[in-house]
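Asker: Predicted coordinates and the sequence they were generated for:
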Amino acid sequence: MSETQATPAFKPMIERFRGYLPVVVDVETGGFDWNKHALLEIAAVPIELDAAGCYVPGEVAHAHIAPAPGTSIDPKSLEVTGIKVGHPLRGEVTEREGLDKVFVPIRAAVKKYGCQRAILVGHNAHFDLNFLNAAVARVDHKRNPFHPFSVFDTVTMAGLAYGQTVLARAAFAAGLGWDPAQAHSAMYDAEQTARLFCAIANAWPQCNSPASAAPEAARDTP
């Protein structure tokens with residue numbers, strides 16, 4: 001930037017989270033054990049910036065996934081999600097294909113903002129990350145854009161902001177509403193979680209201030 005150019009109106013994404021791009025992920029699964037239960041559905045929503053530098057949900061990437069060989073399904077989990085495994089209208093793809101449907105647009109979003117990689121945002125985020133990492137290991141995927149263990153958890157964020165930890169209650173507290181008929185769909189839950197993340201992050205003081213406006217005490221020191 002030349003000396004004649006104006007200071008950016010807001011801090012770019014690459015400077016907000018140490019070079020990581022927040023990406024909301026929600027998974028629906030065949031149980032609670034990521035080591036043995038199947039990944040059945042995945043949705044991801046990159047967090048983007050609008051013209052004012054505020055956080056907004058990006059376009060959702062989504063896939064219905066056929067149970068991978070060697071994985072199992074607890075029938076009780078299907079009673080909760082309502083997933084009909086093998087139904088022709090589900091449009092199931094293999095686990096590798098499902099990961100690619102999510103990873104390709106996420107890598108594009110990371111590149112768009114000049115970030116080094118994505119960081120998973122989720123409601124009870126390590127549940128989603130553990131299933132994601134297990135699927136990556138099963139197919140030996142070499143281009144996983146996500147940090148392998150760090151996350152942003154909207155349970156903590158909503159607990160701090162609204163005193164609520166349940167996603168539906170936190171969404172109501174944030175004024176987002178909640179449709180029980182659509183709940184336990186990875187796409188709906190990911191979109192709502194993304195909206196929740198943006199509502200909380202946008203309310204944080206100086207969330208989109210220029211880098212030059214950061215207080216001296218908040219900057220890294222040698």
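Answerer: Structure's in. What do you need?

Asker: pLDDT score assigned to Arg219?
Answerer: In the predicted model, Arg219 carries a pLDDT score of 36.

Asker: and if you look at Phe10?
Answerer: On the pLDDT scale, Phe10 is placed at 88.

Asker: neighbours around the residue lying closest to it once chain neighbours are set aside, how many?
Answerer: Residue nearest to Phe10 in three dimensions, not counting chain neighbours: Gly53, with 2.7 Å by CB to CB, 6 or more residues apart in numbering. Heads up, the C-betas are built off the backbone N, CA and C, glycines and all. Using other CB atoms under 10 Å, Gly53 has 18 neighbouring residues.

Asker: Gly53 and Ala9 touch, don't they?
Answerer: Yes: using CB atoms under 8 Å, Gly53 is in contact with Ala9, at 6.4 Å.

Asker: ok, and for the least confident helix or strand in the chain by mean pLDDT, which residues are buried?
Answerer: Within the chain, no helix or strand scores below helix 75-81, which has a mean of 95 by mean pLDDT, DSSP states H and E. Buried residues in helix 75-81, counted by 16 or more other CB atoms under 10 Å: Ser77, Leu78, Thr81.

Asker: which secondary structure element contains the residue nearest the centre of the chain?
Answerer: With distances taken as CA atoms, centre = their mean, the chain has Val24 as the residue nearest its mean C-alpha position (1.1 Å). If you go by DSSP states H and E, Val24 is part of strand 20-29.

Asker: now swap in Glu41 and tell me
Answerer: With DSSP H and E as the criterion, the answer for Glu41 is strand 39-49.

Asker: distance between that strand and the chain's centre?
Answerer: Computed by CA atoms, centre = their mean, to the nearest Å, the separation of strand 39-49 from the middle of its chain amounts to 5 Å.

Asker: Quick check: which helices or strands does that strand pack against?
Answerer: Using 3 or more CB pairs under 8 Å, 6 or more residues apart in numbering; DSSP states H and E as the contact definition, the elements that strand 39-49 packs against are strand 20-29, strand 55-57, strand 61-64, helix 95-112, helix 125-139, helix 186-203.

Asker: quick one: contacts for Ala183?
Answerer: With contacts taken as CB atoms under 8 Å, 6 or more residues apart in numbering, Ala183 has the following neighbours: Ala168, Asp189.
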